[in-house]
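mind folding the following:
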Amino acid sequence: MLALAMVFVMAGWQAAAAQPTCDTPVGASTSLHALLTRIEGHVPLRPELGESDQATDLLGMMHASLPLGDELAVAQRVYGVKPPILEGDERQIEAALQSWSLTLARQVQAHGVLLRDSRTGAIRAVAAYASSPLLERLRVVRLDPELAFAPYEAILAHLDTCFVQVDTWIEIPTHVVESLLAEHEEGYLYAAVTTLDGEEAGRWVDLRHLIDVVTFEHVSTEDAVTFSAWFAGNGVSPLRLARVLPEVRSNVTPTRLLEVVTGILR
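As a prediction, this is how the structure comes out:
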């Protein structure tokens, strides 16, 4: 069974190619892809990632250079949000798009996911597990090593988009991940990669290398600016999850914690 796992975004100078520039004016010439990236984080242009048939259509449409008004009409079928009126001068159009983006952002749920080294206590990888009518994913950002022992607030700030702030977190020790991966000896990760050169590529990765992949120490992600991926194989059993949850720290409710961890590892 294929299950959505994660989207990865490199940090530092490489992140500039994927992260939205929030203070850049938007107008009628702005693409829908750019608008959605400002809301949800980088959106991989691969239709097979869509959460529904309508989402698949929208992701496929963004490959074509259609007028923004046409794209927004299709986006309404995915998000259920009425398209903005793109009339008036540039400031009026920008204000309309900003208001539209704020409305869409209310449909995006995001929680920080931190991978802590069981031996050293350092944060080795950090991500935002986010779901929306378009995508469900874990979007990982590689932090500067100096932030490995930083307060949660400083780390989570790197996961914010222009319109979605991440203020809840889930911390998973590396030994828990390694234990769960041991149950997937024949598991694989399919990654839809966007490279630094802008190339789009699909790559299969042995699931046993997951930690190296999310820390950008694996050949499959060392040239990536972003990538989306899916697990191929059986999900983690509810009984196994129940056994490891006591080792997972979080500031969300136990019910939500179970929902998020199940969504990530299914």
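
can you pull out the low-pLDDT segments for the stretch 1-150 of the chain?
For the stretch 1-150 of the chain, the stretches with pLDDT under 70 are 1-20.

how many neighbours does residue 257 have?
Close neighbours of residue 257, defined as other CB atoms under 10 Å, add up to 18. Heads up, the C-betas are built off the backbone N, CA and C, glycines and all.

okay but it is in contact with residue 246, surely?
No: with contact defined as CB atoms under 8 Å, residue 257 does not count as touching residue 246 (10.7 Å).

wait, what's in contact with residue 189?
5, 204, 205, 206, 207, 210, 213, 229, 230, 231, 232 (CB atoms under 8 Å, 6 or more residues apart in numbering).

tell me where the stretch 1-150 of the chain has helices.
All helices of the stretch 1-150 of the chain, identified by DSSP state H, counting those that start in this stretch, fall at 12-15, 32-40, 53-61, 68-79, 90-105.

determine which stretch of those is the most buried.
Mean neighbour count, computed with mean count of other CB atoms under 10 Å, is highest for helix 32-40 among these, reaching a mean of 22.

among the contacts of residue 189, name the buried ones.
Those of these that meet the buried threshold are 5, 205, 206, 207, 210, 213, 229, 230, 231, 232, by 16 or more other CB atoms under 10 Å.

please save the CA atoms from the helix or strand hosting the second one in PDB.
Residue 205 belongs to strand 200-206 when assigned by DSSP states H and E. Below are the C-alpha coordinates for strand 200-206, written out as PDB (Å, rounded to 0.1, in the frame of the first residue of the first chain):
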ATOM      1  CA  GLU A 200      11.800  16.900 -11.400                       C
ATOM      2  CA  ALA A 201      12.700  13.200 -10.800                       C
ATOM      3  CA  GLY A 202      11.100  10.200  -9.100                       C
ATOM      4  CA  ARG A 203      13.400   8.000  -7.000                       C
ATOM      5  CA  TRP A 204      13.000   4.800  -5.100                       C
ATOM      6  CA  VAL A 205      14.900   4.600  -1.800                       C
ATOM      7  CA  ASP A 206      15.300   1.600   0.600                       C
END
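
partners of that strand in the sheet?
The strands beside strand 200-206 in its sheet (DSSP bridges) come out as strand 188-195 (antiparallel).

now the strand it pairs with, how far from the chain's geometric center?
Per CA atoms, centre = their mean, to the nearest Å, the displacement of strand 188-195 from the mean C-alpha position of its chain is 13 Å.

can you list the buried residues in that strand?
Judged by neighbour count (16+ other CB under 10 Å), strand 188-195 contains these buried residues: 188, 189, 190, 191, 192, 193, 194, 195.

and for stretch 155-163?
155, 156, 158, 159, 160, 161, 162, 163.

identify, from the residues you listed, the entry nearest to residue 113.
Relative to residue 113, the closest of these is residue 159; by CB to CB it sits at 9.0 Å.

quick check: which of the helices of the stretch 1-150 of the chain is nearest to residue 130?
Here helix 32-40 is closest among those (CB to CB), at 6.6 Å.

that older thread, dump the helix or strand just after the strand holding residue 205 to CSV, restricted to CA.
Following strand 200-206 in sequence order, the next helix or strand is helix 210-214 (DSSP H and E). Provided in CSV are the C-alpha atoms of helix 210-214 (Å, rounded to 0.1, in the frame of the first residue of the first chain):
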residue,chain,number,x,y,z
LEU,A,210,15.1,6.9,6.0
ILE,A,211,17.1,8.7,8.7
ASP,A,212,20.0,9.4,6.2
VAL,A,213,17.4,10.6,3.7
VAL,A,214,15.7,13.1,6.0
